[in-house]
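Asks: using only what follows, build the 3D model:
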Amino acid sequence: MRLAIIFGLLLSSFAYAQPARVESVQLPAWLERAGQKKPLAPDMLLLSADKIMTGAGARVYLQLPEGSRVKLGENVNMQVDQINEADGKNGSVFKAALKMVTGAFRFTTNALSKTAQREVNVSVSTVTAGIRGTDLWGKADVDKNVVCLLEGKIAVGAEGYPQVELNEPLSFYVAPLQGEPLPVGAVDPEKLKLWSAETEIEGQKGALIEKGGWRIVWGKYAKLDQALALFDNLQVAGYPVKIRSQGKQHHVLLMGLATEVDAQAVVSKVHATLATPLAQISH
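Replies: Okay, here's the model as predicted:
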């Protein structure tokens, strides 16, 4: 029993020591760090003060050190104010602060991480939700901010108004940008399905995953400058491409796509906005 307890504590401490990272991305999406913006890709590590942005039709899954997951929808602007810090006075308490400037998110926990100690604050524009081991969905919209409790309990409140506690599943809090917060209500399950879909990676819509086996190759350039021009355009557009040279030919590649259809979806997105040569998809 003692060994089991010691092993559990060591495992918990080790888990909290791991960095937050990007799990999967439905393109396009970007990471901004110290004023530098680059495309988001699976397995990227996250630091305090990072900003994550997603484009139209995009989704992002982030894995936090204590086992929870943050899902982001399209047209999101999120800032990581604090992440991966433990409070030595209270043991292995994971602390994080996330700020949703625009867009929808979902904070979820799996069976193992439900027992983890965490202090996570999520600001949804003008509304702040304190998470203590729970699941919730929220959105910073053009005319209102919404926080919906899925499991557990949260303390939530808009700027200038008292906090209220949500402890009933499917209860939600709405704070219009103009005027005072509305009374707490219960969301219809069908409405919740629509909300949840806003933060779920959609099958075969252009997803990058760790160990994804499909790739896209654009062009076979004799001059490196030509390949670099396309590389720069795709990077700016939110696609984490690379350049590979073979002899006198230079290729622009995007690797890690989940399926062939995901690769085809990316080709369609890119060709709709950029002038690119014919793309080749391979496994």
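Asks: please compute how far the one helix or strand residue 253 maps to lies from its chain's middle.
Replies: According to DSSP states H and E, residue 253 maps onto strand 249-257. In terms of CA atoms, centre = their mean, to the nearest Å, the centre of strand 249-257 is set 24 Å apart from its chain centre.
Asks: same deal with stretch 259-267?
Replies: With CA atoms, centre = their mean as the basis, stretch 259-267 stands 20 Å off its chain's centre.
Asks: let me know the average pLDDT across that stretch.
Replies: The predicted model gives stretch 259-267 an average pLDDT of 96.
Asks: residues touching that stretch, excluding its own?
Replies: Contacting residues not belonging to stretch 259-267 are listed as 27, 204-208, 212, 214-216, 239, 254, 257, 279, 281, 283 [CB atoms under 8 Å, 6 or more residues apart in numbering]. Where C-beta positions appear, they are placed from N, C-alpha and C, glycine not excepted.
Asks: show me how this protein divides into domains.
Replies: Domains of the chain are assigned by automatic domain parsing as 18-197, 207-282.
Asks: what is the end-to-end distance of the shortest one?
Replies: Counting by CA to CA, to the nearest Å, you get 15 Å between the two ends of domain 207-282.
Asks: rewinding a little: ok, of the domains of the chain, where does mean pLDDT dip lowest?
Replies: domain 18-197 (a mean of 88).
Asks: kindly format the C-alpha coordinates of the longest strand along the chain as PDB.
Replies: Looking across the chain with DSSP state E, the single longest strand is strand 94-108. Output for strand 94-108, consisting of C-alpha atoms alone and laid out as PDB, is shown next (Å, rounded to 0.1, in the frame of the first residue of the first chain):
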ATOM      1  CA  PHE A  94      -1.700  22.400 -11.300                       C
ATOM      2  CA  LYS A  95      -2.300  26.100 -12.000                       C
ATOM      3  CA  ALA A  96      -3.200  27.800 -15.300                       C
ATOM      4  CA  ALA A  97      -4.900  30.900 -16.500                       C
ATOM      5  CA  LEU A  98      -6.400  31.100 -20.100                       C
ATOM      6  CA  LYS A  99      -8.000  34.100 -21.700                       C
ATOM      7  CA  MET A 100     -10.500  33.600 -24.500                       C
ATOM      8  CA  VAL A 101     -10.600  36.900 -26.400                       C
ATOM      9  CA  THR A 102     -12.800  35.500 -29.100                       C
ATOM     10  CA  GLY A 103     -14.300  32.100 -30.100                       C
ATOM     11  CA  ALA A 104     -15.500  28.900 -28.400                       C
ATOM     12  CA  PHE A 105     -13.600  26.500 -26.100                       C
ATOM     13  CA  ARG A 106     -14.300  23.300 -24.100                       C
ATOM     14  CA  PHE A 107     -12.400  22.200 -21.100                       C
ATOM     15  CA  THR A 108     -12.600  18.400 -20.600                       C
END
